[in-house]
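Student: coordinates only, sequence not included:
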């Protein structure tokens, strides 16, 4: 009885194993396209596209100049995209003080509609700044203070011996300095400190 039961179990296992075996053949055969899994007949497999986010520009700190409650030049830090060209530095200053700075009495003599149109690269340490027409509408003591803010901001970025020539819409213009005179040539930081370069 035990022997018969053992043979029965072995026969059943052999049958199951035969039923589960992978069929083999000696040569390749063709398969009907309808039996091929979806997508395997595409001669051009899909490509993987990797999108990379552009790296954010690196920003560098620069000093721009505003006015204290007593109209003294005062520095503030701004961050501009490297390599911090002069026009970007000036625009950071033209944007005016932050509300937190205004709360501390920091102001600017430059109205919000004033913009820099271009800045010529320094030649012989002279920078030419071309402002829009709104710059020409600044009047009174504010004109001298506005010029001082721009000159000090440029000198701090470019070097202490830098001179600045002002233009309005591409036309050279005279600007006031600390002694009250109008200067059409380069303006220097020392012109606002009571001396000459």
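Tutor: Everything's here; your move. Everything numeric here is computed off the predicted structure, so don't read it as measured data.

Student: Surely residue 136 touches residue 175?
Tutor: No: using CB atoms under 8 Å, residue 136 is not in contact with residue 175; the gap is 10.2 Å. No exception for glycine: its C-beta is placed from N, CA and C like everyone else's.

Student: Tell me which of these two has more neighbours.
Tutor: Between residue 136 and residue 175, counting by other CB atoms under 10 Å, residue 175 is the more crowded of the two (22 against 15).

Student: how much space is there between the more buried one and residue 129?
Tutor: 10 Å (CB to CB, to the nearest Å).

Student: From one end of stretch 97-108 to the other, what's the distance?
Tutor: 7 Å (CA to CA, to the nearest Å).

Student: next one: stretch 94-106
Tutor: Termini of stretch 94-106 sit 14 Å apart (CA to CA).

Student: Common neighbours of residue 175 and residue 129, please.
Tutor: Here residue 175 and residue 129 have residue 166 as joint contacts, going by CB atoms under 8 Å, 6 or more residues apart in numbering.

Student: Name the next helix or strand downstream of the worst-scoring helix or strand of the chain on mean pLDDT, please.
Tutor: Lowest on mean pLDDT, DSSP states H and E among the helices and strands of the chain sits helix 2-20, with a mean of 44. Elements were assigned by DSSP states H and E; along the chain past helix 2-20, the next helix or strand is strand 59-67.

Student: quick one: contacts of that next one?
Tutor: 73-84, 89, 92-93, 96-97, 101, 106-109, 145, 148-149, 152-153, 156-157.

Student: if we go to 6 Å?
Tutor: 73-82, 84, 89, 92-93, 97, 106-108, 149, 152-153, 156 (CB atoms under 6 Å, 6 or more residues apart in numbering).
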